Structure formats: C-alpha cells, structure tokens
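Student: predicted model follows, preceded by the sequence.
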Amino acid sequence: MEAAIFFTKSEENLTAAQLCLQNGLFNASANRAYYAMFQAAVAILLTRGITFDPKQHLDHALIRSLFSNEFIHRKKVFQRKYASSLYDALALRILADYQTTTISARKARQLLLRAEEFIHIIKAEFGHA
C-alpha cells in the first residue's frame, strides 16, 4: 500500500464531501468527510514506515490510535486538538449511516471544514501542500 494512493483517495473523498454538501446530501457529505480524514491519516502513517497487511481491511480504531499516538502524543507533530478529530468524525458518520437521525446542514458543514483543516495539516507534513 502506497501513501500516495491513500492521499489521492483522501482528496477524492474530500471533493465528494464538498459536492454532497453543495447538493444538500448532508448524510453522504458526513460519510465522505470522515473517509477523507481516515485515508489522509493512513497516508501519513505509511510515510512514516507504519505498514498494514494488504490482505486485511484497515481497522479504523487502530488507525485512529496510531495517528494520535504517533503524531500528537509521541512526536507532537500536530496540535492536541487533532487527537479527537477522527473519533468525532466517526461519531457523525455513524449517525449519518446507521441511526434514524440525520445530519443537519450545519453539522455537515462543520465536519467538512474540520476535514479540510485536518487534511491540510497532513498535506503540509506529508509534503504535498
């Protein structure tokens, strides 16, 4: 698995989240914003030599934990406020995908802004700013 592939997927999902938001598809926007963030986290982990079994699907809890431990707590590459970013985005994705409630335009917009910021800081560190 190459980091660049996951970064491309992240950018595609960020664009999809933006388009969904623009078209009133707030649940879909929240879903795509989460995956954009998740894939950016995978990409930067791969750049640091952390590998994953290509025959296994990526464990979301593991990715969140590795990102937080590696880049926020241990090396302090990113500010502490990003420690909960993936977790908070996942909580909204779960609401959007599996609950009887729906994501409001405001919540979808907030998550998209957070995803854009999260991906921007990773791009800057990743070397693709």
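Tutor: Nice, I can see it.
Student: does Ile44 touch Phe67 like I think?
Tutor: Yes - Ile44 is in contact with Phe67 according to C-beta atoms under 8 Å; the separation is 7.5 Å. The way it works is simple: take the backbone N, C-alpha and C, and place the C-beta from them, glycine included.
Student: spatially central residue for the protein, please.
Tutor: Taking C-alpha atoms, centre = their mean as the criterion, Met37 is the residue nearest the geometric centre of the chain, at 1.1 Å.
Student: spit out the contact partners of that one.
Tutor: Ser10, Ser85, Leu86, Ala89, Arg114, Ala115, Phe118, Ile119 (C-beta atoms under 8 Å, 6 or more residues apart in numbering).
Student: quick one: which of those residues sit in helices?
Tutor: If you go by DSSP state H, the contacts of Met37 have Ser10, Ser85, Leu86, Ala89, Arg114, Ala115, Phe118, Ile119 in helices.
Student: residues contacting the third one?
Tutor: In this case it means Leu86. Tyr34, Met37, Phe38, Ala41, Ile63, Arg64, Phe67, Ser68.
Student: with just CA atoms, put the helix or strand bottoming out on mean pLDDT in the chain into CSV.
Tutor: Sorted by mean pLDDT, DSSP states H and E, the helices and strands of the chain end with helix 60-67, the least confident at a mean of 89. Output of helix 60-67 as CSV, limited to C-alpha atoms (Å, rounded to 0.1, in the frame of the first residue of the first chain):
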residue,chain,number,x,y,z
HIS,A,60,-10.5,2.2,12.0
ALA,A,61,-9.8,2.1,15.7
LEU,A,62,-6.2,1.1,15.1
ILE,A,63,-5.7,3.9,12.6
ARG,A,64,-7.2,6.5,15.0
SER,A,65,-5.0,5.2,17.8
LEU,A,66,-1.8,5.1,15.7
PHE,A,67,-2.3,8.5,14.3
